[in-house]
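Asker: This is a predicted model, with the sequence first.
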Amino acid sequence: MSPELRARAAYAAVAIATIVAGLAVHLGGLPLSPAVRDVAGDALWAAMLTWWISALVPRMALGARAAVALAVCVAVEASQLYHAPALDAVRATGLGHLVLGSGFDPRDFAAYALGVLGAAALERAWRGRTTAARCLTRHLRTTSHPTIAMPDLQTALQANHEAVQAFLASARALPPDRWDRPRAEGKWSPGQIVEHLALAYETGGEVLHGRSPGKAPPRFLRPLIRTLLLKPVLWLGRFPTASKAPSVMRPGTSPGPAPVLLDRFETAVAAFESAARNLRSPTVDHPAFGRLPVVDLVRLQEIHTRHHHLQLPYDAA
């Protein structure tokens, strides 16, 4: 098979994988809120379009392919301002709704840009793998150093430690009658937030030890999930307001006593930080995001902790 045909086949395979991911999002197969599902679905649709254009013209420059894909996305969204009986009949079908949409929303343009840029970044990252990186991986597997100096890891661990200590100070300052009281209808109580964070750090520790807690998406989807869902959180330093916790990290309906849960939380944090500090590799195989720098996993935990700190009652935060 010629290099061009191999490239076409690879782009088509990724496009099909993106369709599968998009259908999983659209049909509610992933634990996402409606707002996040809408943005993720549009972004995946734009990424899928980028892959199909790449399959058609693999020799075209990456920037040009991304520009064409974004232009098509804009044209399809703008076409939703036009209504005709025949066209609306097509949009009313399941396939027509998925391809053409049904209602104009200018906010979709941002999701399309995210999807196209994510696809381009994913291709650039894939192409950017070097022989030196592969040699480093072999070196890490064959040497017996007890620890490896990882740039910024100590800084990330210190930031995580500070976020945890700030959260603990606020949680311990809560009056006993606030522990089981949700901040609003349908929201978690402070006790449930502490249990959720303990579960998050326990899950992170399992990942650092090479174990996969709970269900994991197919491996071929993980780079897309990492690019479209994780990278924006790391870039912005915050979680979307409508984020929904994975089932493995959801707390029970009746949280335990404050001393017990706070002790569990501290123990989970200490175990996670110790595992990250002593890991012999600068990366970890995450069950949802794929191959991930340990620094990014630590930063994710820090951002997550600060996110929930803001959800504690104001008189304690």
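Answerer: Structure's in. What do you need?
Asker: okay, CA-based contacts and neighbour counts for the rest of this
Answerer: OK.
Asker: which is the next helix or strand following the lowest-mean-pLDDT helix or strand in the chain?
Answerer: Least confident helix or strand of the chain, by mean pLDDT, DSSP states H and E, is helix 131-142 with a mean of 44. Past helix 131-142, further along toward the C-terminus, the next helix or strand under DSSP states H and E is helix 153-172.
Asker: and the helix or strand just after that following helix, what does it pack onto?
Answerer: Next in sequence after helix 153-172, counting helices and strands by DSSP H and E, comes helix 190-208. For helix 190-208, the helices and strands in contact under the criterion 3 or more C-alpha pairs under 8 Å, 6 or more residues apart in numbering; DSSP states H and E are helix 258-278, strand 283-286, helix 294-309.
Asker: how much does helix 190-208 deviate in direction from helix 153-172?
Answerer: Between helix 190-208 and helix 153-172, the angle comes out at 160 degrees (axes from the mean of the first three to the mean of the last three C-alpha atoms, to 10 degrees).
Asker: residues of stretch 224-238 that come out buried?
Answerer: 224-233 (16 or more other C-alpha atoms under 10 Å).
Asker: Show the average pLDDT along it.
Answerer: The average pLDDT for stretch 224-238 rounds to 82.
Asker: re the thing from before, looking at the buried residues of stretch 224-238, which are in helices?
Answerer: Under the assignment DSSP state H, these contribute 224-225, 231-233 to helices.
Asker: Name the residues of stretch 251-262 that come out as buried.
Answerer: 251, 255-256, 258, 261-262.
Asker: Poorly predicted segments of this structure, please.
Answerer: By pLDDT under 70, the weakly predicted segments of the chain are 1, 26-35, 82-104, 127-151, 241-243, 314-317.
Asker: I'd guessed Ser54 sits against Arg65; true?
Answerer: Yes. Here Ser54 reaches Arg65: they are 6.5 Å apart, a contact under C-alpha atoms under 8 Å.
Asker: hmm, back to that, want to throw the buried residues of stretch 251-262 into a markdown table with distance to Val76?
Answerer: Below are the buried residues of stretch 251-262 laid out as a markdown table (distance: C-alpha to C-alpha, whole Å):
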| residue | distance to Val76 |
| --- | --- |
| Pro251 | 42 |
| Pro255 | 48 |
| Gly256 | 51 |
| Ala258 | 53 |
| Leu261 | 51 |
| Leu262 | 51 |
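Asker: Could you single out the nearest of those to Ala121?
Answerer: Distances from Ala121 to those, taken as C-alpha to C-alpha, are shortest for Pro251 (35.1 Å).
Asker: so who does Asp180 touch?
Answerer: Taking C-alpha atoms under 8 Å, 6 or more residues apart in numbering as the contact definition, Asp180 lies against 189-192, 254-255.
Asker: meant to ask about Thr50
Answerer: With contacts taken as C-alpha under 8 Å, 6+ apart, Thr50 has the following neighbours: 65-66, 69, 116, 119.
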